[in-house]
Each structure stands twice: as structure tokens, then as C-alpha cells.
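A.B. asks: Mind looking at a prediction? Sequence and model below.
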Amino acid sequence: MSKLPGYKRREAINAYIMLSPWIIGFIAFTAGPMIASIVISFMDWPLLQAPKWIGLSNYRFMFKDELFWISLYNTIYYTVIGVPLRVVAALCVALAMNLKLRGISVYRTIYYIPSITPAVASSIMWLWIFNPDFGLANALLGYIGIHSHIRWIYDPALSKPSLILMSLWGIGGMMIILLAGLQGIPEQLYEAAELDGAGLWHKFWHITLPMLSPSIFFVTIMQVISSFQVFTQAYVMTRGGPANSTLFMVLYLYQNGFEFFRMGYASSIAWALFMFVLVLTILQFRGSRYWVFYEGELRG
Amino acid sequence: MNMKENRKIKEIIWKTIAYIVITGFGALLIIPFFWAVSTSLKPAGQEFTYPPKWIPEPFVWENYRTALTLLPFATFLKNTLIITVLATVGSVLTASLAGYAFARLQFPGKNLLFMLCLSTMMLPYVVTLVPTFILFRWLGWVDTLYPLIVPSWFGGGAFFIFLCRQFFMTLPLDYDDAAKIDGANEWYIYSRIIMPLSQPVVITMLIFNFVNHWNDFMGPLVYLHSMEKRTIAIGLRTFLTSMTERSDWNYLMAASVATTIPILVAFFVAQKYFIRGVVMSGLAGR
């Protein structure tokens, strides 16, 4: 930096000062805790007593801990089934909301609003909706002639699908991102294709989907990351039950860290979760070169 | 009968089908709200009729007052507002400073730092949860509002930095150059030229901060324990635990609806800025 001319040097110094809150925050609340988290994962640390170094014991315990494997299975189930459903649903809705219809902006608002409902409030609403005796879900099925007594989140076999169904209610944010992507596709592409006699399906498959693929890729990546961290619904609605069928990784981590005060083991779970998310994200980036189309590549 | 008419009929049929489909699904999305509002206004016991009665008879507006005074919701609201206001000020200030440096200034290591900043957006927050809790506990801040406010004063979140940077990059560089010729330094340009032009992005940040703090659950759950420190989100969940034994769904729905309304108001008041923020979050991946 000493080689920089005076005014450039002053600019750089001011830049660092302006960035300093973020840099300090990055060290104190992100990088530091991440390193500390690894160290703590090698410790036995019941919060009220002194920490004790125990090497890999936490990870060895995790390997044999049936509840950990259940929570991993539940989280993967929620992600592998839920994410594709949400992304496809959001894509369909975005396509519909991109139609040139009168009053479409009212529809956009209606489809978007559920996604901003506070998580605790929506969890309580859905708890009532899924009530087996007096809930809306069974009542709606009753209206179309299906008089069943489905137990939804109270049934170990249906609890995860029920939470996935509920998550479909909140795809509004994704819809907006995909809609913005759709609106960014140049009209000329469609006009040129029409001149060549392309039909609806052809245009969707050869123009819309490739042009939208960066947006689809982005929402999928973010969905997988947030899906692995599903917590509030499970904590408020089911507390992991029935029969541990909604015990997700973050819920199990929370219980260990903040109910049993096993800081060491909670950190091991956090790192296991982080590794899963990291590997999944890297795999998606690797896979993306086969299906994600970036316009810049053509020009390059 | 010619081609033109044929096409017109086809279009009408198409549009009718489209309207039916999007109205049908739209109704499915909106029914849970009607259901919640309807339950919230029912007299005790009426929520347990089957098939359900959609129009409460009579309307019991009193449910809202009862639900919101069974627990100290006024205190919860006060705490939520304190956190929101103090955290938002810090977030807007420090994120815009960092965004300005990334957007307009030249300095060694800029690209590396910016990549670092972007990558933290993808970091699962639970990885840092335990050590951060231990840090705040060591500072004696557990059961205070500080853990929910102070981090916002250190960068305000990667997404907000990104939001500011993107917006500042759209402002013409001529302004900076003209000011520099007059001898203005970076601080002057930031505070007197850039920030006054940045109302839209500041409003977007205000709304997102409000929604984030209003809805935040994990943070308050971990840090706030005593009743008089709780926020709206935690208070609502406390209300649920105190109610389920009695199954007073009308009160539960009243409290849930009441805590949702401020978010809806924020959305309708500033819809444009709201949507722009969501769209920007989609650009973060590019």
C-alpha cells in the first residue's frame, strides 16, 4: 500500500475504515465462532461447568446416536421431497403470474402474502388447520365428499408430508424471484421463435427454461440451505413428535445445546449439518454446468 | 367465420381457463387466513362445531382484547420495537458504509473481501449459534436485548451490504468526480451525495429489518428468558403453550392474526420497495 500515490492511499484507508464495522463483525460473529465451533465440538462442555477436551468422542457418540440418524433422515426427507415440490410449484405459479391478464397484480399479491406471515403465527394457524377433529384440512376434504379422519401432523407417517404441504403455502418469495427472471427474458427471442413456427411447448423448453435456469439454480441452492435448517414449525407445532418423526437436525441441535446444555455435542451436530450443506451446495454447483445457461458464456 | 374470429374465441377460452385455475389456487392460499380470522371472532366453544361455521355468531371482537391481555403483549411489543429500531439504525449505517466502499472506492483486497461477504449469505446460521451464545453469556448479555441488537451494528448483514452496493453502482460516477474536484473526501461524498440519493434502498432496508426482527424466532428463543424481556414471536409461542391445555383456539387465532397484521400493513404501505428487495435477493447469486 505504501506504493500507492497519496490520494489513492487516503481513499484506501478510508475504505478500510468504512468496512471496519463489517470486518470486525465478520471476525467476531462469523469467522471466530466458526473456528470456536470446531474446537468446542471436541469438548465435553456442560455449560455450567468447565469444558473438558475429549477429542473425537462427540463424533463417535454421534455415529452411534440413533436420534441423530433419525434427525438426519427427517431433514433429508424434508429437503429431498420438499425442495423439488416447492421449486416446481413456484415455477408454475411464476409462469401463471407472468400471463398478460387484467388484474394479475392482485393475484400476485394474493400468492405472495402467505410467505411473509410470521413463522410462529403461521405455525399456530396450521396447527389449527391440521386439527383432526375440527380443522380446516379435514373440513375441506369433507366438502368434496372425502369424509376421512386424517390425523396429519399427529400421525407419524403423515407428519413430514403435512409440514411439506404447509411449506408449499409459503413459496411467494421464490415466485417473485422467478417472475423477475421471466420478465428479464427479451421479447425478441419469442418473436424470432414464432417466425420459425415454434409452439408453446417448444418456446418453453428452448427459451424460457434455459433463460430462467440461473434463477432456478439460485432459488434451489437457497431452498436446500434453508430446508436443512428447518426449525420453527417443528419446534412450535410438533416438538419433534410424534415418535420423533419431525425431529429435524436443528431441532435436535437446539435441544442438546439449549435444553440439555451439551455445548460440545451441539457443536458437533452443527458441523455435521454444515458439512452436509456444504457438500450438497458444491455438488449443485458442479451439476449446474450441465443445465444452467449463462447468457455471458455465448458472448465470451 | 374467419381465422381472426377463430383466434379470438380461442383466446377467450384460454383466458377463462387461466382465470379459473389461478382463482382456484389463489382461494386455497387465502382460505387459511379467512379461517383464522373467522375462528378468532367466535364465542368460546363455537370453534368446535363440525362441519365448521364460517360466519361467527355473534362476532366477539372482545376475543382480541382478552387474548392480548392474558399475556403482557404490550411488553412484548415494546421489546420488539426497541430491538427493531436500534438494530435497524446500526444496520442501515454500517451496511451502507460497507456498500459504499465496495461500490465506489478502490483498495487492495476489494474483490476478495466482497466474495467473503457474499459467501456468508450462504452460511447456515446454526454453525455459529453455540459459540456466539457462549460469547454473549461471557459478556453477561443473556436475557438482555443486546445480543439481538449489537451484531447489527457490525455490518448489518451481508445481504444489506450487497443491496447497498448494487444500488450505489447505479448512481452516476460524475457526482463523485465533480465533488472530488471541489476537494471533497470520501466521507463527504458518502454522507452528502450518495446517501441523500439512496432513499429507495434505505426504505427497502427499513422494511426488511422490520420484518426480520418481527419474525425472528431462534434468536429471541435462545437469548430472552424472562417474561418481561420476550418479543412478540416468543410471546406468541408462550401463549400457545399456556393455551393448548385449554384449547382456546379463538384466543390463539386472535393473537396470531393480531401479530400478522403489522407485517401485512408494512407490505401494503411499501409494496414496491418490498418486492424490489425480494428481487434483489434473487440477484445475489449471479
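C.D. replies: Thanks, I have the structure now.
A.B. asks: which residues of the stretch 1-150 of chain A score low on pLDDT?
C.D. replies: A:1-4 (pLDDT under 70).
A.B. asks: ok, now with 80
C.D. replies: Applying pLDDT under 80 to the stretch 1-150 of chain A flags residues A:1-7.
A.B. asks: Please enumerate the helices of it.
C.D. replies: A:6-26, A:32-41, A:57-64, A:66-97, A:104-112, A:119-129, A:136-143 (DSSP state H, counting those that start in this stretch).
A.B. asks: What is the neighbour count of residue A:180?
C.D. replies: 18 (other C-beta atoms under 10 Å in any protein chain shown). For glycine as for every other residue, the C-beta is placed from the backbone atoms N, C-alpha and C.
A.B. asks: what about the helices of the stretch 1-150 of chain A, which gets the closest to residue A:271?
C.D. replies: Counting by C-beta to C-beta, residue A:271 lies closest to helix A:32-41 out of the helices of the stretch 1-150 of chain A; the figure is 5.4 Å.
A.B. asks: Okay, residue A:287 and chain B: tell me how far apart.
C.D. replies: From residue A:287 over to chain B the distance is 15 Å, taken as C-beta to the nearest C-beta, to the nearest Å.
A.B. asks: Could I get the buried residue list for the helix or strand that residue falls within?
C.D. replies: Take DSSP states H and E as the rule and residue A:287 turns out to sit in helix A:263-291. Buried residues in helix A:263-291, counted by 16 or more other C-beta atoms under 10 Å in any protein chain shown: A:263-274, A:276-277, A:280-281, A:288.
A.B. asks: That helix - contacts with which helices or strands?
C.D. replies: Contact here means 3 or more C-beta pairs under 8 Å, 6 or more residues apart in numbering or on different chains; DSSP states H and E; on that basis helix A:263-291 packs against helix A:32-41, strand A:43-44, helix A:57-64, helix A:66-97, helix A:209-228, helix A:249-254, helix B:129-138.
A.B. asks: Of all residues in chain B, which one is nearest the centre?
C.D. replies: residue B:211 (2.2 Å; C-alpha atoms, centre = their mean).
A.B. asks: Check the secondary structure at that one for me.
C.D. replies: Taking DSSP: H, G, I helix; E, B strand; the rest coil as the rule, one finds residue B:211 in the helix state.
A.B. asks: Could you report the distance from it to residue B:123?
C.D. replies: 21 Å (C-beta to C-beta, to the nearest Å).
A.B. asks: what does residue A:217 give?
C.D. replies: Counting by C-beta to C-beta - residue A:217 and residue B:123 are separated by 19 Å.
A.B. asks: what's the neighbour count on residue 208?
C.D. replies: Going with chain A. 19.
A.B. asks: could you do chain B instead?
C.D. replies: Neighbourhood size, residue B:208 [other C-beta under 10 Å]: 23.
A.B. asks: wait, it sits on residue B:277?
C.D. replies: Yes: Residue B:208 lies in contact with residue B:277 (C-beta atoms under 8 Å); the separation is 5.4 Å.
A.B. asks: List, one by one, the residues from the stretch 151-300 of chain A near chain B.
C.D. replies: Neighbours of chain B within the stretch 151-300 of chain A, by C-beta under 8 Å from any C-beta of the partner chain: A:169, A:173, A:176-178, A:180-181, A:214-215, A:217-219, A:221-222, A:225, A:228-229, A:231-232, A:235-236, A:250, A:253-254, A:257-258, A:263, A:266-267, A:270-271, A:273-274, A:277, A:281.
A.B. asks: what residue ranges in chain B are flagged as low confidence?
C.D. replies: Chain B contains residues with pLDDT under 80 at B:1-4, B:50-51, B:243-247, B:281-286.
A.B. asks: In it, what residue comes closest to chain A?
C.D. replies: residue B:154 (2.5 Å; C-beta to the nearest C-beta).
A.B. asks: Run through the residues that contact the residue nearest to that residue when sequence neighbours are not counted.
C.D. replies: Closest residue to residue B:154 apart from its sequence neighbours, by C-beta to C-beta, 6 or more residues apart in numbering or on different chains: residue A:25 at 2.5 Å. Neighbouring residues of residue A:25 by C-beta atoms under 8 Å, 6 or more residues apart in numbering or on different chains: B:94, B:151, B:153-155.
A.B. asks: any idea which of those residues has the most stuff around it?
C.D. replies: residue B:155 (28 neighbours).
A.B. asks: helix, strand or coil for that one?
C.D. replies: coil.
A.B. asks: which ones are touching the residue nearest to it when sequence neighbours are not counted?
C.D. replies: In this structure, residue B:155 finds its nearest non-sequential neighbour in residue A:22, 3.2 Å apart by C-beta to C-beta, 6+ apart. Counting by C-beta under 8 Å, 6+ apart, residue A:22 touches B:94-95, B:98, B:117, B:154-156, B:161.
A.B. asks: quick one on the thing from earlier: would you mind checking the residues of the stretch 151-300 of chain A next to chain B for buried ones?
C.D. replies: A:169, A:173, A:176-178, A:180-181, A:214-215, A:217-219, A:221-222, A:225, A:228-229, A:231-232, A:235-236, A:250, A:253-254, A:257-258, A:263, A:266-267, A:270-271, A:273-274, A:277, A:281.
A.B. asks: Find the residue at the geometric middle of chain A.
C.D. replies: Closest-to-mean residue, chain A, C-alpha atoms, centre = their mean: residue A:226 / 2.4 Å.
A.B. asks: can you pull the pLDDT of it?
C.D. replies: Note on residue A:226: pLDDT of 93.
A.B. asks: Repeat that for the one 3 residues further on.
C.D. replies: Among the per-residue scores, residue A:229 holds a pLDDT of 94.
A.B. asks: hang on, it packs against residue B:127?
C.D. replies: No: in this structure residue A:229 lies outside contact range of residue B:127 using C-beta under 8 Å: 9.9 Å.
A.B. asks: Residues that sit against both of these two, list them.
C.D. replies: Residues touching both residue A:229 and residue B:127 by C-beta under 8 Å, 6+ apart: residue A:273.
A.B. asks: Got the domain ranges for chain A?
C.D. replies: A:1-41, A:58-299 (automatic domain parsing).
A.B. asks: can you tell which of the ones you listed is closest to residue B:140?
C.D. replies: Of those, the one closest to residue B:140 (C-beta to C-beta) turns out to be domain A:1-41, at 16.3 Å.
A.B. asks: what's the offset of the closest one from the middle of its chain?
C.D. replies: From the chain centre to the centre of domain A:1-41 is a distance of 29 Å (C-alpha atoms, centre = their mean, to the nearest Å).
A.B. asks: And stretch B:103-122, by the same measure?
C.D. replies: 25 Å.
A.B. asks: Contacts (any at all) between chain A and the longest helix along chain B?
C.D. replies: As assigned by DSSP state H, the longest helix anywhere in chain B is helix B:3-40. Yes: Helix B:3-40 lies within reach of chain A by C-beta under 8 Å from any C-beta, at B:15, B:18-19, B:21-23, B:25-26, B:29-32, B:35-36, B:39.
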